[in-house]
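**Q** mind folding the following:
(4 chains)
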There are 2 protein chains.
Amino acid sequence: MAEKADSELVRRQNRLLVLGALRQHGASARVELGRLTGLSPASITTICAQLISEGIISEESLPVITPPSGKRGRPTVRLLLNPGAALVLAVKISIDDVMIVLTDFRGETIARTEVRLPTYDAGRDLFGMALADEIARFLAAQRVVPRKISRIGVAIQGLADSRSGSIVWSPAFKEGDIPVAHALEERFGVPCFVANDANMIAEGLVSADRVRYGGVTAAIFTGYGVGMGVIINGEVFHGATGAAAEFGHMNHIPDGALCRCGKRGCVEAYVADYGILRHYTGETGREAPRSAVPESTMTGLNQKAKAGDVKARAAFELAGSALGYGIGRVISILNPDRIVLAGPGLQTSELMDQAMREALEKSVVEVLRRDVAIEQVRFSDDMIIRGTVDALLRIIDRDVFAIATPQAAQALAAHG
Amino acid sequence: MAEKADSELVRRQNRLLVLGALRQHGASARVELGRLTGLSPASITTICAQLISEGIISEESLPVITPPSGKRGRPTVRLLLNPGAALVLAVKISIDDVMIVLTDFRGETIARTEVRLPTYDAGRDLFGMALADEIARFLAAQRVVPRKISRIGVAIQGLADSRSGSIVWSPAFKEGDIPVAHALEERFGVPCFVANDANMIAEGLVSADRVRYGGVTAAIFTGYGVGMGVIINGEVFHGATGAAAEFGHMNHIPDGALCRCGKRGCVEAYVADYGILRHYTGETGREAPRSAVPESTMTGLNQKAKAGDVKARAAFELAGSALGYGIGRVISILNPDRIVLAGPGLQTSELMDQAMREALEKSVVEVLRRDVAIEQVRFSDDMIIRGTVDALLRIIDRDVFAIATPQAAQALAAHG
DNA sequence: AGATTAAATTTGGAGAGCAAAAGAAAGCGG
DNA sequence: CCGCTTTCTTTTGCTCTCCAAATTTAATCT
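**A** Residues are numbered from 1 along each chain as shown, chains lettered A, B, ... in the order given. Next up is the predicted model:
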């Protein structure tokens, strides 16, 4: 059942509203915050005074000589998130590679690094320590005291367990069930989460456009792997254990092509780069390659298809069809109002796009399809880190700064 | 973004908490409500006094001569939902058949009727009126003034559109897009919703056991059709338009068996009674039968399978396999912590159950399956109406009675 | 009958938001 | 140049909420 409500909850909620408005709209005057949140000027004044006294936001310092604004009335004083209020650390783990990004409370990047770190052959018990070492080295180089970090978020390909903070299964690791969050929390004394990379991209989408992606959206990403993030009422849906939206490993054809996960017939085994390539060369039964397929290979294959190569065309059509059936199954279960497709594959191959739409028409009744907007979005690798940062900042807003500190409230009351 | 919070929201939330506690635990004393809701005795007193003055709840009237309770201290005064606070009307539409149930605010049935009403050949424009006529007749017979009804809920097989309140597609109707809610709202001046029957059963499950079904649960119902209801954080998930969880019409095999919906390869075309029967007789390409398969037919088929009939065994195994692959796909997308299976098919056929589990093992990696509890629940036809009533009452609690009427508050303040 | 126990209510206070009034800081206009 | 207007912000006074603590109520126990 829901929580009981009291005045503390009211304050928490309204502080969150103010922080959210500032995050979404950038520097804003108090009147503007009033409009955005629906709160009265009086309440906005009180809440902002408290947030300022806590160092979470600050008034914009105007230049000494104010230029004529051309507007009458008392000039607005814009408020902005205080960059130094918190630091967050976003980590993206790929095969034998780690990207670490440090941002301030506004989400501006302070420093970033990408380093080689063995993952595939890393032992279950040692990886967390190795990652912590790498992060510690990065922080030391940046002269940042670990304690100053407020949250750490780790994005991975594959299955994450949000409860235990571990990597359940990932193509980047030979072993499974690798604990990560606990090791980082121990080392740095900071809460840490582990999540699927596609879910993090979805976090980024919500942050970028709350209106567009605020309903029920399924965002599907194709490339070397296939991932999905599901947004329900503006919140990324993680499922019971954090493994929701495993679109890539949803079965497409019983006893079908072998997938990296060891099962047969997964969507990924048809739609991912390596799947398309395998179907072209005709070796679908073999284990998938470990290393990524070079982009040039896929571009080349695409050109062959365009030139009329029958085998290449068949491979792309098979991929498009699998994707279409997969999307159809997602529509049947989730009834989304929007499907976002991102990934190099679709953008380059009309063949695949067409096969996808045909499969959708064949497998889903029109009445279920008719209200779903399907759109393509440009994908960049940076979206994963970006989304992880967005998720981290949202967590801090909600779990840390929305909660009023009694000291600040009292201090404010004492010498108003 | 979320709503702003104020004292009115606090009251609303806490009143809802009290109503919810009374609904779930039945008659309870004020102390008990305090324990259940986490509210202080003082607040409980105030809230209950207001709810009583509004006629929503009432104190239990004790017998004139109180028997010795054996307990010291001031005796508890139990509070209970006032049955007469509201009336709700739950309607279940099947092929050429309508069930109407009138219940009080506690959910106790006041009257019920089941009448023949042509649906399959009903015109799109006339059905709403015809249904309204039938309801009006029922209410007249019960001497209930339509205005006394607070909400109407209509459960249907097939696709409902919650926004327009219409039946988008249903096996009970030849035509599609049949408006229903609007006609009833016009006639009776009462808000009305239209929803899928499986979603209503899911509502019933949540009401019956909030703890068990409070996480992410997918409840799948097999029988003449195949349906699913998805529960996320204790709320039934309806999707963008109210058509979520269309498990039965999710594709299983591309270009597979013909389904009632006109597409090929839907789960239902393999798992529903008529699907199993067709596969036994070998006529999977034909249009599905309109009328329901008699239970005796399925029991007979089951016995044949047990006796070793190869074709019967194959039909059940095919059904179980389709169900297993379907469940696997649901697990991949939703990552539920619980799957509930209900329906005569599974309970009677171990063959089907076994094939289902084998398909699940073949199509979903162990790490995704391991945390999902799969349980069987006895299904009764009454669950649909029961769940619709539960949904209606929850709506009334939240949207009507949780909102404090200013008059009542003032009246209370005026003469203590 | 008085003591004990437990439920419910009353009282007084704190914190929240809001409407209305007041204050602050700019441009405008004679 | 100085008052007027405009607009943003703060202050004031009020109401609403919940809660802790004290009080009242109504039973049993001794």
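**Q** any chance you could map the strands in the stretch 151-300 of chain A?
**A** A:159-161, A:166-169, A:178-179, A:192-196, A:216-222, A:226-232, A:235-237 (DSSP state E, counting those that start in this stretch).
**Q** so which of these comes closest to DNA strand D?
**A** Distance to DNA strand D, taken as Cβ to the nearest atom of the strand, is lowest for strand A:235-237 among those, at 26.4 Å. All C-beta spots, glycine's among them, are computed from the backbone N, C-alpha and C.
**Q** how is chain A carved up into domains?
**A** Annotated domains of chain A cover A:7-59+A:76-81+A:402-414, A:85-190, A:209-379 [automatic domain parsing].
**Q** point out the most buried one among these.
**A** Of those, the one with the most neighbours on average (mean count of other Cβ atoms under 10 Å in any protein chain shown) is domain A:209-379, at a mean of 21.
**Q** re the thing from before, between the domains of chain A, which one is closest to residue B:240.
**A** domain A:209-379 (3.6 Å; Cβ to Cβ).
**Q** can you give me the end-to-end span of the closest one?
**A** 16 Å (Cα to Cα, to the nearest Å).
**Q** what's the mean pLDDT across it?
**A** Taken as a whole, domain A:209-379 has an average pLDDT of 92.
**Q** how far does it sit from its chain's centre?
**A** 18 Å (Cα atoms, centre = their mean, to the nearest Å).
**Q** now do stretch A:178-197
**A** 17 Å.
**Q** wait, does it contact chain B?
**A** No. On the criterion Cβ under 8 Å from any Cβ of the partner chain, stretch A:178-197 is out of touch with chain B, staying 10.2 Å away.
**Q** can you get me the start-to-end distance on that stretch?
**A** 16 Å.
**Q** same question, stretch A:361-381
**A** With Cα to Cα applied, stretch A:361-381 spans 31 Å between its terminal residues.
**Q** near chain B at all, it?
**A** Yes. Stretch A:361-381 reaches chain B (Cβ under 8 Å from any Cβ) through A:362, A:363, A:364, A:365, A:367, A:368, A:371, A:372.
**Q** how far away is residue A:137 from residue A:154?
**A** Residue A:137 sits 17 Å away from residue A:154, going by Cβ to Cβ, to the nearest Å.
**Q** and what of residue A:315?
**A** Look at residue A:315 and residue A:154: by Cβ to Cβ, they are 34 Å apart.
**Q** equivalent analysis for residue A:332, please.
**A** Distance of residue A:332 to residue A:154, computed by Cβ to Cβ: 32 Å.
**Q** residue A:45 too?
**A** Using Cβ to Cβ, we find residue A:45 at a distance of 40 Å from residue A:154.
**Q** can you list the residues of chain A near DNA strand C?
**A** Among all residues of chain A, those adjacent to DNA strand C (criterion: Cβ under 7 Å from any atom of the strand) are A:7-8, A:10-11, A:14, A:38-43, A:46-47, A:66, A:68-75, A:404, A:409-410, A:413.
**Q** nearest residue to residue A:199 other than its sequence neighbours?
**A** Distances taken as Cβ to Cβ, 6 or more residues apart in numbering or on different chains place residue A:229 nearest to residue A:199, at 4.6 Å, with adjacent residues excluded.
**Q** isn't the one you found right next to residue A:195, touching?
**A** No. Counting by Cβ atoms under 8 Å, residue A:229 does not reach residue A:195; the two are 9.7 Å apart.
**Q** excluding chain neighbours, what is closest to the residue positioned nearest the centre of chain A?
**A** For chain A, residue A:200 is the residue whose C-alpha lies nearest the centre (Cα atoms, centre = their mean; 1.5 Å). Spatial nearest neighbour of residue A:200, chain neighbours left out: residue A:387 (3.9 Å); criterion: Cβ to Cβ, 6+ apart.
**Q** hang on, that neighbour in a strand?
**A** No. According to DSSP: H, G, I helix; E, B strand; the rest coil, residue A:387 belongs to no strand; its state is helix.
**Q** and it, how many residues sit next to it?
**A** Close neighbours of residue A:387, defined as other Cβ atoms under 10 Å in any protein chain shown, add up to 29.
**Q** and the helix or strand harbouring residue A:100, which strands flank it?
**A** Assigned by DSSP states H and E, residue A:100 belongs to strand A:97-103. If you go by DSSP bridges, strand A:97-103 pairs up with strand A:87-94 (antiparallel), strand A:109-116 (antiparallel).
**Q** would you put the C-alpha positions of that strand in CSV?
**A** Taking C-alpha atoms only, strand A:97-103 is exported to CSV below (Å, rounded to 0.1, in the frame of the first residue of the first chain):
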residue,chain,number,x,y,z
ASP,A,97,36.9,-1.7,-22.0
VAL,A,98,35.6,0.7,-19.3
MET,A,99,34.4,4.3,-19.8
ILE,A,100,34.3,6.5,-16.7
VAL,A,101,32.6,9.9,-16.7
LEU,A,102,32.5,12.4,-13.8
THR,A,103,29.8,15.1,-14.0
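**Q** what lies in contact with that strand?
**A** Under the criterion Cβ atoms under 8 Å, 6 or more residues apart in numbering or on different chains, residues A:87-92, A:109-117, A:119, A:131, A:134-135, A:138-139, A:142, A:144, A:149, A:385, A:389, A:393 lie in contact with strand A:97-103.
**Q** which non-adjacent residue is nearest residue A:244?
**A** Ranked by Cβ to Cβ, 6+ apart and with sequence neighbours excluded, the top spatial neighbour of residue A:244 is residue B:335, at 3.9 Å.
**Q** many thanks, I have nothing further to ask.
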